[in-house]
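In: Fold the following for me, if possible:
(one chain, ligands or ions: 1)
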Amino acid sequence: MRAKAMGNQQDRQARTAVITGSTSGIGLGIARALAANGCNIVLNSFTDNPQDHALARKIATDHGVDAVYMRADMAAPEACRDLVERAVAHFGRLDVLVNNAGIQHVASVEDFPVDRWNTILAINLSSAFHTIAAAVPYMKQAGRGRIVNIASAHGLRASPFKSAYVAAKHGVVGLTKTVALELAETGITCNAVCPGYVLTPLVEAQIPDQMKVHDMDRETVIREVILAKQPTREFVTIEELGGLVVFLCSEHAAQMTGTALPMDGGWTAQ
Ligand code: NAD
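Out: Purely as a prediction, here's the structure:
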């Protein structure tokens, strides 16, 4: 109703989506899915390489939208807020914010390096607080908006040796619920997506170590170790996650807010 009531020129312009940590894996897939849905795109990572800008140009030509790459280190609060400001300055509007940047480190709690703990909390949790804080005034002004936080099945369940990651992802789910309640009457929704295992560089990097630790071949490690908690014994795909995010960003999801949606092959059904 709110979006329909606007019915002004802004409605007919393409929406703008900012996706943090989107030069690879899930974030890149979500950027592609939103571009295929007609959104202009801000790609982001902490690097500034020619290939980062080339990725944005490829999305633009593949989908007939505008796409730009903006460097911003999601470990740095000011850079998170500045990314939102630069996106609005460039496109004149911000409709969709996807907080996706994330890293992992695996160690027992007593050996967990303090700098890794702090960095994981900064990138996986605090960056979402900063981008949301910067984005909400623009979304309120427009009378609508979509915030999607990429949490994890580890936002709902724990695994040993992932204390920082599990703490950060549970935090993302809590942040999502709080923001949803604060914004409930504004036309802005805030939801978390909780994927099970997806075969991205983040997971690929864990396979060689697990092969050594368990003395198993690649296929056995994937099935018996990585996907042990995922009853379908299949990876979630980037395309499936892209489809869910596109739905959450649609008008049909206007009454979905404050949710933590698993897409995890049955992991959290257990
Ligand atoms: P990935 O390593 O493929 O991609 C991570 C992206 O974040 C990259 O583009 C990287 O450049 C960017 N990034 C890293 N540090 C950054 C920083 N300081 N500032 C800005 N960008 C930074 O990882 P992925 O598997 O695609 O993970 C994406 C998100 O999905 C993460 O939040 C992760 O926790 C979550 N997730 C992944 C899985 C999985 O199985 N792969 C499962 C559940 C949740």
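In: Tell me the buried residues in stretch 49-68?
Out: Across stretch 49-68, burial judged by 16 or more other Cβ atoms under 10 Å covers 52, 53, 55, 56, 59, 60, 63, 65, 66, 67, 68. All C-beta spots, glycine's among them, are computed from the backbone N, C-alpha and C.
In: Kindly report the same for stretch 176-193.
Out: For stretch 176-193, by 16+ other Cβ under 10 Å, it's 176, 177, 179, 180, 183, 187, 188, 189, 190, 191, 192, 193.
In: neighbouring contacts of that stretch?
Out: When contacts are defined by Cβ atoms under 8 Å, 6 or more residues apart in numbering, stretch 176-193 is touched by residues 2-3, 132, 136, 139-140, 143-151, 155, 172-173, 241, 244-245, 248, 253-254, 256-261, 263.
In: Show me which pair in the buried residues of stretch 176-193 is furthest apart.
Out: 187 and 193 (20.4 Å; Cβ to Cβ).
In: Residue 13: neighbour count?
Out: Residues near residue 13, counting by other Cβ atoms under 10 Å, number 13.
In: now do residue 174
Out: Residue 174: 15 neighbours (other Cβ under 10 Å).
In: change the start of the numbering to 3 and stick with it
Out: Noted, 3 is the first residue going forward, which turns the last one into residue 176.
In: I'd like the distance from it to residue 183, if you could.
Out: Going from residue 176 to residue 183 by Cβ to Cβ, to the nearest Å gives 11 Å.
In: Near the ligand, which residues of the stretch 53-202 of the chain? Just list them.
Out: Neighbours of the ligand within the stretch 53-202 of the chain, by Cβ under 6 Å from any ligand atom: 75-77, 102-105, 125-126, 152, 154, 197, 199-200, 202.
In: now do 5 Å
Out: Counting by Cβ under 5 Å from any ligand atom, the residues of the stretch 53-202 of the chain close to the ligand are 75-77, 102-104, 125, 152, 154, 197, 199-200, 202.
In: just the buried members of those residues?
Out: 75-77, 102-104, 125, 152, 154, 197, 199-200, 202.
In: Could you pull out the strands in the chain for me?
Out: 18-21, 42-47, 69-73, 98-101, 147-152, 190-197, 262-265 (DSSP state E).
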